[in-house]
Structure formats: C-alpha cells, structure tokens
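got a predicted structure plus its sequence, pasted below:
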Amino acid sequence: MLAIVIPFFKLIYFNDTLKSLANQTDKRFKVYIGDDASPENPLDLLEHYKGTFDFEYKRFETNLGGLSLTKQWERCIEMIDNEEWIMLLGDDDYLDENVVASWYYNFKNFESKTSVVRFATIVVNEKTNRISKIHKHPIWESSIDSFWRRYEGKTRSTLSEYIFSKNKYLEFGFRNYPLAWHSDDMAWLVFTNAGNIFTINESVVFYRFSEISLSGKKMNQNLKDKASYLFYKDIIEQFLTEFDLNKKLDLILEYEITIKKINILSNNDWYYILKLYMKYFKLIPFLKFVRRFLIDFNKK
C-alpha cells in the first residue's frame, strides 16, 4: 500500500536513510531507489541491507536531476507497482522508527478525507549534525492556510515529510519549476484542491539541511527566483480567490518582486497585473502600482 521512493545521487548520508528504513517497526512498505547516474556506487551499501526490508534498485544511465529534478522524481515514481500512497524520501533524510507504523495506525482517520499526509520534522545540520526541536503542525489544516503560514515564515516544509495519493499524483503531476523549487508546495495545493492536509505529529521525519544539494546551493539563486516567479503566477491564476483581500494584495506584490528579481516585465505581465488590480482593488492600490511601474520603466 505504501511506496517509499528515493531519488538517489549522494552516498554520504545514504546509510542513515537505509538504516532508518531497516529499523521501521512496521515493514508494510516497499522502497524504490532510482539512481540518477550517480558517480557514487551504492551497491555495496544496498547489499548490506538485503533482507531487512523490501526494496528495488534501478540505475538510470543518464543524469536527469541536473536538468529537471521533477522529471527525476517522476521516472523514479514510475518504478512503483500497485502501491496507492507515495513518500518521496531524500537520500540524506531519514525516518523515526515508527513513521510507517503511525501512518497505518492513523490511516482510518484520513483515508477518505485527504490525499496528502505529513509528519512532524526535525532538521539535522549537515555540518555539525546537531538537530532542531520537533516542528509540528495542526492535525487538520487547509493547504491554503499551510501555504500562508510558510509564506509568512511561521512554518517550514520539505518534500520528505509528506505522503500523497498516487491517484492524485497521476491526475496532476508536479509542476516542472527550476530546481523543483516550490514544486512540492504547489503539489499539496493541487493534490488537495485547496483542501485539508492531515498531520501525524507523534512521528518524525529527519530532514538534513544541505548546501550541497542542487536546491541548497547559493549559486542557484537566479534559478530559484525564476521558479518563484512561475510559482506565484500559478498561485494567483489558480488559487487567488481562496485568499482575503489583504493576502491577495500581498501575493500580487510578491509576484511583482519576483518579476523584478529576474529583470523582466513584459507587456503580458504588465497587462495581467493591471487587470488584477482593476478586478480586486480600489483606486489607491491601482495607482500605486502604476507609479511603481513608471518608475521602473524609466530606470531602463
């Protein structure tokens, strides 16, 4: 019923990941490991864990994650058999020993009510191996509210802490943003149709903060900005009506900021934002936007 999919590339912390899977008190899961043409061979390590849990390993001969992380996620997910729920686990993250057991224990509480489940998290510092306090969430929370708490810096979110319905994934897929930045954030909104996320706070996913990952590298800031531009545009196009007036304004302003960061403001963007201000806001916010646009236009 539960597939744990690991897009593999880095060996350095992979033993922690595998060890946590071997230590699960409930073994009702299967692991699918998709090797993204890594220069680091995990076969000796995998041999050590044979028989401790059910897993399948496949090496892809071409590296895809360097071009598109979401495409790498997708071809790894294609490996799964008939499991109905999916966890995408990072190759440097690991699980508390009762994560799978608590998922099955709570299954009756969320089965027919949501397509997205998450766990409490602890952040592990890559350099010092120090861990943070447990970060928990409301047991039931709309994906819109969850997004907004993250937008305001009141919570955090990482791909590994979620389990999601395969049917919803097949219906909507992941948005192919650069570095997969915000691709998971958009998925939870789309997979739930702005509905509820169920949280299991009694179990923990350990997320390793890493500067060597593609999304963690500071040199990739331009790509992150481009991803944010696409993400906020999608949020506005699909979910703006879910927010109150002040939040609508904040989102449109954030969209403007991302446009400026990547140094574009095409006529299409200009007319699109203009129509948003005319539709949702009174005269003063509209005039402020026009003033900002004219100032920026004259600087060019």
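In hand now; what should we look at?

give the rounded mean pLDDT of the strand or helix carrying residue 147.
Residue 147 belongs to helix 143-151 when assigned by DSSP states H and E. Here helix 143-151 scores 97 as its mean pLDDT.

show me what counts as buried in that helix.
By 16 or more other C-beta atoms under 10 Å, the buried positions in helix 143-151 come out as 143, 144, 146, 147, 148, 149, 151. Yep, even glycine has a C-beta here, placed from its N, CA and C like the rest.

by contact count, what packs against it?
helix 183-191, strand 196-209, helix 245-261 (3 or more C-beta pairs under 8 Å, 6 or more residues apart in numbering; DSSP states H and E).

quick check: closest non-adjacent residue to the residue sitting nearest the centre point of the chain.
By C-alpha atoms, centre = their mean, the chain has its centre lying nearest to residue 184, at 2.6 Å. Excluding its sequence neighbours, the residue lying closest to residue 184 (C-beta to C-beta, 6 or more residues apart in numbering) is residue 159, at 4.5 Å.

any idea how far residue 278 is from that neighbour?
With distances taken as C-beta to C-beta, to the nearest Å, residue 159 is found 37 Å from residue 278.

re the thing from before, which one, of the helices and strands packed on helix 143-151, ends up nearest to residue 7?
Of all the helices and strands packed on helix 143-151, helix 183-191 sits nearest to residue 7, with 12.6 Å by C-beta to C-beta.

does residue 166 touch residue 87 like I think?
No: counting by C-beta atoms under 8 Å, residue 166 stays clear of residue 87, with 11.0 Å between them.

pull the number of nearby residues for the residue nearest to residue 76 when sequence neighbours are not counted.
The spatially closest residue to residue 76, leaving aside those adjacent along the chain, is residue 34, at 3.3 Å (C-beta to C-beta, 6+ apart). Counted by other C-beta atoms under 10 Å, the residues lying close to residue 34 total 24.

and the strands in the protein, which stretches?
2-8, 30-36, 55-60, 85-88, 94-95, 116-125, 140-142, 162-165, 196-209 (DSSP state E).

I'd like the average pLDDT over the first one.
So the one you mean is strand 2-8. Per-residue scores along strand 2-8 average to 98.

partner strands of that strand, with direction?
In the sheet, strand 2-8 lines up against strand 30-36 (parallel), strand 85-88 (parallel) (DSSP bridges).

other residues contacting the longest one?
To tie it back to what came earlier, the one meant is strand 30-36. 2-9, 21, 42, 46, 53-60, 63-65, 72, 75-77, 79-81, 83 (C-beta atoms under 8 Å, 6 or more residues apart in numbering).

please indicate which of the residues you listed are buried?
2-9, 21, 42, 46, 53, 55, 60, 64-65, 72, 76-77, 80, 83.

which stretches of this protein have low pLDDT?
Residue ranges of the chain with pLDDT under 70: 127-128, 210-219, 265, 293-300.

what's the angle between the helix ranked longest in it and helix 183-191?
Longest helix in the chain, counting residues (DSSP state H): helix 221-239. Using axes from the mean of the first three to the mean of the last three C-alpha atoms, to 10 degrees, the inter-axis angle of helix 221-239 relative to helix 183-191 is 10 degrees.

domain-wise, how is the protein divided?
2-209, 218-299 (automatic domain parsing).

looking at those, which is buried most?
domain 2-209 (a mean of 18; mean count of other C-beta atoms under 10 Å).

measure that domain end to end?
In domain 2-209, first residue to last residue: 25 Å (C-alpha to C-alpha, to the nearest Å).

distance from it to the middle of the chain?
Offset of domain 2-209 from its chain centre (C-alpha atoms, centre = their mean, to the nearest Å): 9 Å.

ok so, going back, any chance of the strands of the chain in TSV, plus distance to residue 240?
TSV is the format used below for the strands of the chain (distance: least, C-beta to C-beta, whole Å):
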stretch	distance to residue 240
strand 2-8	32
strand 30-36	36
strand 55-60	38
strand 85-88	28
strand 94-95	36
strand 116-125	21
strand 140-142	15
strand 162-165	24
strand 196-209	20
